[in-house]
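1. coords below, sequence missing:
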Ligand SMILES: Nc1nc2c(ncn2[C@@H]2O[C@H](COP(=O)(O)OP(=O)(O)OP(=O)(O)O)[C@@H](O)[C@H]2O)c(=O)[nH]1
């Protein structure tokens, strides 16, 4: 069989031309039956008249019948009732049922466009319509008061009486502003002198420019592009300071402007904190959003199985879509790119231990139906965040900070002296910041001209070690009265801090933290014998086998399971699902086997 033209030529050659010689399809000609032809054919097939042996019609064909059919219209309740009305009781129970579902972080409202959300969302006890009416009542004034003879607003209301009054007021405001700026300069540690470029006496910026990183309009545009294009948003937090690395403004934006997007917390770098602290944070954060613990490392990760299973569940929730996009957002340096690399099991995004490595958003295909979007790190403008907070969270590049030594006293306060001693091989525990830095300078030969200690150089080194996980520290999770806390007494930010079983000397281990596998214990059971004898509260294990961590991963997922009829959250099924992942899982299991053999 060839094309229509070829076929026609063949039939002509073989003398098979003419009607009834087959269904020869000729280009441009409609060879289907027309509606008219179909009607005739139907009449012939559907209702032939029935005849007796003598050939008389016993039962006429349907088109010949003279009986008029009985036409009936099915009764409908719409004739008698307004079917679009819902009783107050029914609405209340519907509202409470939906609100119960909506407030549960592990369940999601799907197809919100098809639900009467304005009726469901009670804003200040006013439903959508009333709110609109209230807005109009407040914002507008009666016609009679605005126009006509009784109009009350003849001239704009000003709160000054004369031009002199206005001038004095402006001067006072300017003085207040300069006072505040001076104060800010003193607090930020910058000099009160004007900049080189600003010698003409204009007001210099009160803050070092480096601390404005991550807040630029460009970065925020990138963030909004990522949020707009994502169906699932992974908010990456640093396990050492989850509260500090939470972008509450982004959470609020997603809650109010894009409630149909799924927000999930990923508590990354769990290898750098004791297991119980990680577990407690997961438990705490899960109350608001689904939370997963993660350790990003291409060869030796933690939480990867759970995260992939979760993303697959989201993808099956949106089975009507061709693919779902998963956006990574969070503070700089929290490990967004590292998580993508871990999931892809290869280096697809640029990773560096310095903030601001990712400059623009980037699409990465995780699997056929799941795309990942990497986003540059963002720093939400927060009145309460000091420069010190930003620096110690790793959100700025230490080498660009003007006076890094001023942040060392906080480091000394928050890291246990024995770890400082161990890391820098000091004989005596550090007493004050300057002496500590001088000792470090002398030990490492960081001397300036005339044998003076390079204090700032040493401070930068300590701060880099703090950010890169060479100095152990963490923020204790908040505990309410009666809630079970970790075995150690963690009281506030400067409380007793976690201890590390591994000796981490500076310079002996490159990227020490990332090479240690995390086995996170969430059972709340007492520490094992080795740890007890060691006397350390330790969340780190040398075990390399990720498979053994499966159950722990599940428990660290914050009891996460999406309630959807076609998605099973059995751990067995998860394993089956994982085995199904075409490219990634095959590569992963191969690598695991190889690892085990090795
Ligand atoms: N110990 C440890 N280090 C991690 C982990 N994840 C990431 N890192 C390290 O954190 C540093 C920053 O990681 P990135 O992936 O570049 O972070 P990012 O969030 O993409 O940073 P920006 O590009 O600034 O937005 C790198 O040095 C990583 O090796 C982790 O789970 N554990």
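-> Happy to help now that I have it. What you are looking at is a predicted structure, and each value in this text was computed from that prediction instead of being measured. Numbering: from 1, shown residues only.
2. Now stretch 71-85: average pLDDT?
-> Mean pLDDT, computed over stretch 71-85, is 82.
3. now swap in stretch 306-320 and tell me
-> 91.
4. Are that stretch and the ligand in contact anywhere?
-> No. Applying Cβ under 6 Å from any ligand atom, one finds stretch 306-320 separated from the ligand by no less than 12.2 Å. All C-beta spots, glycine's among them, are computed from the backbone N, C-alpha and C.
5. Wait, residue 350 touches residue 357, no?
-> Yes. Using Cβ atoms under 8 Å, residue 350 is in contact with residue 357, at 5.6 Å.
6. how long is stretch 313-322 from one end to the other?
-> One end of stretch 313-322 sits 14 Å from the other (Cα to Cα, to the nearest Å).
7. Equivalent analysis for stretch 223-238, please.
-> Start-to-end, stretch 223-238 (Cα to Cα) is 19 Å.
8. List the buried residues in that stretch.
-> 223, 226-227, 230-238 (16 or more other Cβ atoms under 10 Å).
9. Out of the residues you listed, name the ones that lie in helices.
-> If you go by DSSP state H, the buried residues of stretch 223-238 have 223, 226-227 in helices.
10. can you name the two of the buried residues of stretch 223-238 that are farthest apart?
-> Based on Cβ to Cβ, the longest span within those runs between 231 and 238 and measures 24.7 Å.
11. Please produce TSV containing the ones in helices among the buried residues of stretch 223-238, extended by pLDDT and distance to the ligand.
-> Putting those into TSV (pLDDT from 0 to 100; distance: Cβ to the nearest ligand atom, whole Å) gives the following:
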residue	pLDDT	distance to the ligand
223	90	11
226	92	12
227	93	15
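12. of those residues, closest to residue 390?
-> The closest of those, once distances to residue 390 are taken by Cβ to Cβ, is residue 223, at 17.1 Å.
13. Setting aside sequence neighbours, what's the nearest residue to the closest one?
-> In space, and not counting its chain neighbours, residue 223 is closest to residue 378: 5.1 Å by Cβ to Cβ, 6 or more residues apart in numbering.
14. OK, contacts around the one you found?
-> 214-215, 219-220, 223, 247, 250, 329-332 (Cβ atoms under 8 Å, 6 or more residues apart in numbering).
15. Of the residues you listed, which is the nearest to residue 91?
-> residue 250 (32.7 Å).
16. Setting aside sequence neighbours, what's the nearest residue to that closest one?
-> Residue 250's closest residue in space is residue 329 (Cβ to Cβ, 6+ apart), at 6.1 Å.
17. Quick check: the gap between that neighbour and the ligand.
-> Taking Cβ to the nearest ligand atom, to the nearest Å as the measure, residue 329 falls 9 Å from the ligand.
18. Assign a three-state SS to that residue, would you?
-> strand (DSSP: H, G, I helix; E, B strand; the rest coil).
19. these two touch, right, it and residue 233?
-> Yes. With contacts counted by Cβ under 8 Å, residue 329 reaches residue 233, the gap being 6.0 Å.
20. Which neighbours do these two have in common?
-> With Cβ under 8 Å, 6+ apart, residue 329 and residue 233 have common neighbours 226-227.
21. how about the residues of the stretch 201-350 of the chain that lie near the ligand?
-> Residues of the stretch 201-350 of the chain lying near the ligand (Cβ under 6 Å from any ligand atom): 268-269, 271-272, 295-296, 332-338.
22. what residue ranges in the stretch 201-350 of the chain are flagged as low confidence?
-> 201-215 (pLDDT under 70).
23. now the strands for it?
-> Secondary structure of the stretch 201-350 of the chain, counting by DSSP state E, counting those that start in this stretch: strands at 232-238, 262-268, 291-293, 324-330.
24. any chance of these in TSV, plus distance to residue 117?
-> Below are the strands of the stretch 201-350 of the chain laid out as TSV (distance: least, Cβ to Cβ, whole Å):
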stretch	distance to residue 117
strand 232-238	20
strand 262-268	16
strand 291-293	26
strand 324-330	22
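25. out of those strands, nearest to residue 116?
-> strand 262-268 (21.5 Å).
26. Buried ones among the residues of the stretch 201-350 of the chain next to the ligand?
-> 268-269, 271-272, 295-296, 332-338.
27. can you map out the strands along this protein?
-> For the chain, the strands defined by DSSP state E occupy 50-51, 57-59, 232-238, 262-268, 291-293, 324-330, 362-367, 370-374.
28. for the fourth one, packing partners?
-> When contacts are defined as 3 or more Cβ pairs under 8 Å, 6 or more residues apart in numbering; DSSP states H and E, strand 262-268 sits against strand 232-238, helix 248-257, helix 275-286, strand 291-293, helix 304-317, helix 336-344.
29. Next: the fifth one.
-> For strand 291-293, the elements it packs on are strand 262-268, helix 275-286, helix 304-317, helix 550-556, judged by 3+ Cβ pairs under 8 Å, 6+ apart.
30. same thing but at 7 Å, please
-> strand 262-268, helix 275-286, helix 304-317 (3 or more Cβ pairs under 7 Å, 6 or more residues apart in numbering; DSSP states H and E).
31. quick one: the residue nearest to residue 223 from the ligand, how far?
-> 8 Å.
32. And for residue 66, the neighbour number?
-> When neighbours are defined as other Cβ atoms under 10 Å, residue 66 has 5 of them.
33. Skipping adjacent residues, who's closest to residue 389 in space?
-> Nearest non-adjacent residue to residue 389, counting by Cβ to Cβ, 6+ apart: residue 244, 6.4 Å away.
34. ok, that neighbour - contacts?
-> Listed by Cβ atoms under 7 Å, 6 or more residues apart in numbering, the contact partners of residue 244 are 389, 393, 475.
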